[in-house]
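Trainee: just to be clear, the model below is a prediction. Sequence and coordinates:
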Amino acid sequence: MTISEQIIAQTEQYGAQHYKPLPVVIAEAEGVWVTDVEGQRYIDMLSGYSAVSHGHRHPRLLEAAKRQMDRVTLTARAFHNDQVGPLLQQLSEFCGMDKALLMNTGAEAVETAVKLARKWGYRVKGVPHDQAEIIVCDGNFHGRTTTVISFSSEELYKHDFGPLTPGFRFVPFGDVAALEAAITPNTVGFLVEPIQGEGGINVPPDGYLAAVRDICNRHKVLLLLDEIQVGLGRTGKRFCYQHDGIEPDILILGKALGGGIFPVSAIATKADLLGLFVPGEHGSTFGANPLACAIASEALHVIEDEQLAERSAEMGAYLLHRLQSIESPFVKEVRGKGLLIGVELKPELGGARPFCLRLLANGVLCKESHEHVIRFAPPLVVNREELDWALERIEAVLMAEDMPEKM
Ligand SMILES: *Cc1c(COP(=O)(O)O)cnc(C)c1O
């Protein structure tokens, strides 16, 4: 057995099989490159689902983390710490919002947004108690907690985990008429991803969010945008909603906010919304800890200083164009924005995983998204040479004479 095989066997023996990772065991990483335990090098075209947008072990982020580790790392919310205030101001200004609330994981930030929208419904909109409804989209992904899976449309995510949390309604993604029809006097919010990441890199029709914003305004419904995966430069703008020239009522962030080092998530709102929480209503032991704050602050500075959104737009346009010009017999469609690109394979091929395995064997790390789609989402610091290196291998796999074997 190789070292990789040993570690995979150990992981399977002592762990739960709740996920099906590709058979590669990463030991080290730097920038867009990772190295496995056998010393094999790969280009990372997944970036931890956008959590590693800054590239692995960005020197400025490591430095910020080390500096803070030598000072204080955790106080819990019982006390103030000197990193929170500056980060809250920086993050609010970065988002064009008035206030922010820090949590750890993305799912926790989504939960926070759901709680806040419901509270607003009761206190401001006047919805009768326990009657609040939130509209979500088919094919959404917002995390894995019990309430969040309650409004997943994916049976696998929820079928054995009920009873589920009530108060959610589904509409098709990208369908404004269906949204308007689903609104009732008890609707408090519409929760949506500007581009569905886990759902298969689904890009809605142009103008979708602008129309959604208008509907929400007219019916007094909050717009909750989950930018955990698509925000912070990923799609070629600081926030994906900026492509539509609108603003959300509640912006939900995570993943890249922690610079690929630490889980940091947040929601940001105008003052009158986050001002609704009163002491004792919400919390988290690790939320807003000084280490997380120091890292998130530097992560935001790096996004600005290195113009990661602009780079994502430029490199993403190049990658999209190159991928679209591969005349592969396997490919149905190539789509995306910035450095979030999906290559959808023809459904009769039976799924993208065998292609991801073959890409892995060729030194390119990526993961299927929703069965038939290969997602390409490298760190935003990727340069053209590195993309060319990956493209040469992607082209070889997509133009191969034979189909990769299923595994
Ligand atoms: C990853 C993700 C989440 C959940 O974040 P976790 O940190 O895994 O809890 C929520 N929404 C979207 C759009 C995501 O991509």
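Mentor: Received it, and whenever you're ready, just let me know what you need.
Trainee: only C-alpha atoms for contact and neighbour calcs from this point on.
Mentor: OK.
Trainee: what's the helix or strand for the spatially most central residue of the chain?
Mentor: Nearest to the geometric centre of the chain sits residue 229, at 1.8 Å (CA atoms, centre = their mean). Using DSSP states H and E, residue 229 is not contained in any helix or strand.
Trainee: surely it is in contact with residue 47?
Mentor: No - Residue 229 is beyond contact range of residue 47, at 10.6 Å (criterion: CA atoms under 8 Å).
Trainee: quick one on the thing from earlier: burial count for the closest residue to the residue nearest to the centre of the chain other than its chain neighbours?
Mentor: Distances taken as CA to CA, 6 or more residues apart in numbering place residue 50 nearest to residue 229, at 5.7 Å, with adjacent residues excluded. Per other CA atoms under 10 Å, the neighbour tally for residue 50 reads 30.
Trainee: how about the contacts made by residue 50?
Mentor: 229, 230, 234, 255, 256, 377, 378, 379 (CA atoms under 8 Å, 6 or more residues apart in numbering).
Trainee: which of these are buried?
Mentor: 229, 230, 234, 255, 256, 377, 378, 379 (16 or more other CA atoms under 10 Å).
Trainee: show the pLDDT at the third one.
Mentor: Residue 234 carries a pLDDT value of 98.
Trainee: quick check, it in contact with residue 340.
Mentor: Yes - under the criterion of CA under 8 Å, residue 234 makes contact with residue 340 at 6.5 Å.
Trainee: so, low pLDDT: which residues of the stretch 301-407 of the chain?
Mentor: Along the stretch 301-407 of the chain, the parts satisfying pLDDT under 70 run over 405-407.
Trainee: next, the residue of it found nearest the ligand: phi, psi?
Mentor: Going by CA to the nearest ligand atom, the ligand is nearest to residue 369 of the stretch 301-407 of the chain, at 11.1 Å. Here is the backbone geometry of residue 369 (degrees, to the nearest 10): phi -120, psi 120.
Trainee: which parts of the stretch 201-350 of the chain are helices?
Mentor: Along the stretch 201-350 of the chain, counting by DSSP state H, counting those that start in this stretch, helices occupy 208-219, 271-274, 290-305, 308-324.
Trainee: ok, back up a step: list the contacts of the residue of the stretch 301-407 of the chain closest to the ligand.
Mentor: Per CA under 8 Å, 6+ apart, neighbours of residue 369: 197, 198, 199, 200, 201, 375.
Trainee: next, count neighbours for the second one.
Mentor: Looking back up the chat, that one is residue 198. Look at residue 198: counted by other CA under 10 Å, it has 19 neighbours.
Trainee: can you tell me which residues in the stretch 1-150 of the chain are near the ligand?
Mentor: Selection of the stretch 1-150 of the chain residues close to the ligand by CA under 6 Å from any ligand atom yields 105, 106, 107, 141, 142, 143.
Trainee: farthest-apart pair in these, please.
Mentor: Longest distance between any two of those is 13.8 Å, between 105 and 141; criterion CA to CA.
Trainee: now do the shared contacts for these two.
Mentor: The contact lists of residue 105 and residue 141 share no entry, where a contact means CA under 8 Å, 6+ apart.
Trainee: so, low pLDDT: which residues of the chain?
Mentor: Those would be 405-407, if you go by pLDDT under 70 across the chain.
Trainee: how is it carved up into domains?
Mentor: Segmentation of the chain into domains, based on automatic domain parsing, reads 3-57+307-398, 59-305.
Trainee: show me the contacts for the nearest residue to residue 317 once chain neighbours are set aside.
Mentor: Distances taken as CA to CA, 6+ apart put residue 338 closest to residue 317, at 6.3 Å, once the chain neighbours are dropped. Neighbouring residues of residue 338 by CA under 8 Å, 6+ apart: 234, 235, 236, 237, 312, 313, 314, 315, 316, 317.
Trainee: near the ligand, from those?
Mentor: Restricting the contacts of residue 338 to those near the ligand - CA under 6 Å from any ligand atom - leaves none.
Trainee: among the domains of the chain, which comes closest to residue 404?
Mentor: Short answer: domain 3-57+307-398, nearest of the domains of the chain by CA to CA, at 5.6 Å.
Trainee: ranges for the strands of the stretch 101-250 of the chain?
Mentor: Assigned by DSSP state E, counting those that start in this stretch, the strands in the stretch 101-250 of the chain fall at 133-137, 168-171, 187-192, 222-226, 250-253.
Trainee: most tightly surrounded among those strands?
Mentor: For the strands of the stretch 101-250 of the chain, average neighbour numbers computed from mean count of other CA atoms under 10 Å are highest in strand 250-253, which has a mean of 28.
Trainee: okay, now the sheet partners of it, with direction.
Mentor: Take DSSP bridges as the rule and strand 250-253 pairs in its sheet with strand 222-226 (parallel), strand 265-269 (antiparallel).
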